[in-house]
Structures are given as structure tokens and as C-alpha cells.
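Just a sequence and a predicted model for now, questions to come.
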Amino acid sequence: MIKKFYPSSLYNFLSFIQVNPVNKKILDCGAGGRNPKLVFFYENGFETYGIDISDEQLEKLQTYCEENSIDLGVIKGDMKIIPFETEFFGYVFSYLSMVHLSKNETKIAINEIHRVLVKGGLCYLNFLSKDDINFDEKEESKPGEVIGIERGKEEFHSYYEDNEPDEYLKKFEIIYKEKRHVLKGKYFQTGRTCILDYIMKKI
Ligand SMILES: C[S@@+](CC[C@H](N)C(=O)[O-])C[C@H]1O[C@@H](n2cnc3c(N)ncnc32)[C@H](O)[C@@H]1O
């Protein structure tokens, strides 16, 4: 099997979902790129699904899947209008992908995630903290919203105060919360960053 390292928060999410008695369908919102986090859940016996809005990222993922003879079930889609029926998934996650949405768009995407989750289903989301090394107050267009340069390209990011995402998650029960400083990004290519991790249950 494919030997890879994954961010610690995904092992943490796995420890919650392995003992949660709902269906084993899992959706990754923003699943594209050459380092798909869905593989981790595939390796652990889950039925994987993913969406990504970018053709370029989907192509990179396709190359990865072909090279490793694996089908992760990823299609083109926008997490603001998730192309799956209501209450289809036991689990949903988004790893450093929702960070590219504005705060208003984030609220819409979270409502969509709530819709597609079964009751009792779990969700893992992360948000960039305003303590992240790349947050520059001087560049803000709206509070916490910044266009910066990433790998030579303009990229939009939203940054949050410590408890700010709680406001967006009122329909859920928050069952785990952590502020994570990633000082060495050697394995995960995240660099020196600061992430707010949340695990929620649909009640
Ligand atoms: C920084 S990459 C992270 C990719 C992957 N989750 C990972 O950890 O390697 C962000 C991804 O989110 C995707 N994305 C951004 N906005 C999206 C949206 N509205 N719906 C679905 N995917 C989106 C981008 O195309 C990109 O593939």
C-alpha cells in the first residue's frame, strides 16, 4: 500500500469516526492536488468521495490516482453547492481548502456540509488563525480576509480569531477544538502556520 505521512489532525479525526456508528461514506471538500488526504481514509476502509472546484487540481489528483492505481471518487464541484443528496455522508472534512473561501462563503459551505451529513455524522474542518505567519493586517480587504501570494500566484485566504468559527457552527455540537502551531511543514508542505481545528457532530 501507499506509504505516506498525514497531518496529525487527520489521525485525530479517524479516532473519532472509527467508533461512530453511522455509514462509512466520507466526503473531502477541496480534495484535489498531488497530496490527497482522502487516501488516508481509503486505506482505513472508508468509501471515499471528493469534490474540487479547480480543473488543474483535479488533473494533479488524477495523475496521483493513475500512478497509484487507486480511485478516490473525486468529481468537479463547489463546496458552496455540494452535488450530493441530503444526508448522504456519515463524515465530511475539508483540509486547508475552506480557508480559500470568504467568511460569507464559508457560512454557505458549512450549511451545505450540515445538509449532506446524516444525523450523528461527524465533520472535521480547519480555519487559519490570525496568528498564522502569513496573516498581514495591512493587506485586509474585510476583517480577516486577505489576498496574498502563494507559489507565485494570487491566493485568497480568510483568517480567524480564536473562537470566531464557533459562530458559524451553531447547528452542530462542537466535540473537539484545538489551536495547532505547525512549525515544521517538511512532510505536509504547510510551512510555519497556525490552524484552528474543529470536529463537530450533526445533532
Ligand atoms: C490548499 S489546496 C488543499 C488541497 C487538499 N485538501 C490538500 O490538503 O492537499 C485547496 C483546495 O481547495 C480547492 N477549493 C477552493 N475553493 C473551493 C470550493 N469552493 N469548492 C471546492 N474546492 C475548492 C482548491 O481548488 C484546492 O484544490
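Ah, there it is. Everything numeric here is computed off the predicted structure, so don't read it as measured data.

so where's this protein shaky on pLDDT?
Filtered on pLDDT under 70, the chain yields the residue ranges 1-3, 184-191.

May I see the buried residues of the longest strand anywhere in it?
Across the chain, the longest stretch assigned as strand under DSSP state E is strand 117-129. Applying a neighbour-count criterion of 16 or more other C-beta atoms under 10 Å, the buried positions in strand 117-129 are 117-118, 121-129. For every residue, glycine as well, the C-beta is placed using N, CA and C.

Need the nearest residue in space to the spatially most central residue of the chain, chain neighbours excluded.
Central residue of the chain (C-alpha atoms, centre = their mean): S94, 1.4 Å from the mean position. Excluding the flanking residues, the one nearest S94 by C-beta to C-beta, 6 or more residues apart in numbering is C29, at 4.1 Å.

ok, the one you found - contacts?
Listed by C-beta atoms under 8 Å, 6 or more residues apart in numbering, the contact set of C29 reads 50-51, 79, 82, 92-94, 97-98, 109, 113.

Give me the distance between it and Y49.
10 Å (C-beta to C-beta, to the nearest Å).

and the gap between the closest residue to K103 other than its chain neighbours and the ligand?
In this structure, K103 finds its nearest non-sequential neighbour in S158, 5.5 Å apart by C-beta to C-beta, 6+ apart. Per C-beta to the nearest ligand atom, to the nearest Å, S158 is found 11 Å from the ligand.

So S158 sits against A109, correct?
No: using C-beta atoms under 8 Å as the test, S158 is too far from A109 to be in contact (11.2 Å).

what sits in contact with each of these two?
In contact with both S158 and A109: L101, using C-beta under 8 Å, 6+ apart.

re earlier: can I get the longest strand of the chain as PDB, trimmed to CA atoms?
Taking C-alpha atoms only, strand 117-129 is exported to PDB below (Å, rounded to 0.1, in the frame of the first residue of the first chain):
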ATOM      1  CA  LEU A 117     -24.300  14.800   6.700                       C
ATOM      2  CA  VAL A 118     -26.500  12.200   8.400                       C
ATOM      3  CA  LYS A 119     -27.700  12.900  11.900                       C
ATOM      4  CA  GLY A 120     -25.000  11.800  14.200                       C
ATOM      5  CA  GLY A 121     -22.400  12.200  11.400                       C
ATOM      6  CA  LEU A 122     -19.100  13.900  12.100                       C
ATOM      7  CA  CYS A 123     -17.200  16.700  10.400                       C
ATOM      8  CA  TYR A 124     -13.600  17.900  10.600                       C
ATOM      9  CA  LEU A 125     -12.900  21.500   9.400                       C
ATOM     10  CA  ASN A 126      -9.900  23.700   9.900                       C
ATOM     11  CA  PHE A 127      -9.500  27.500   9.700                       C
ATOM     12  CA  LEU A 128      -6.400  29.700   9.500                       C
ATOM     13  CA  SER A 129      -5.700  31.600  12.800                       C
END
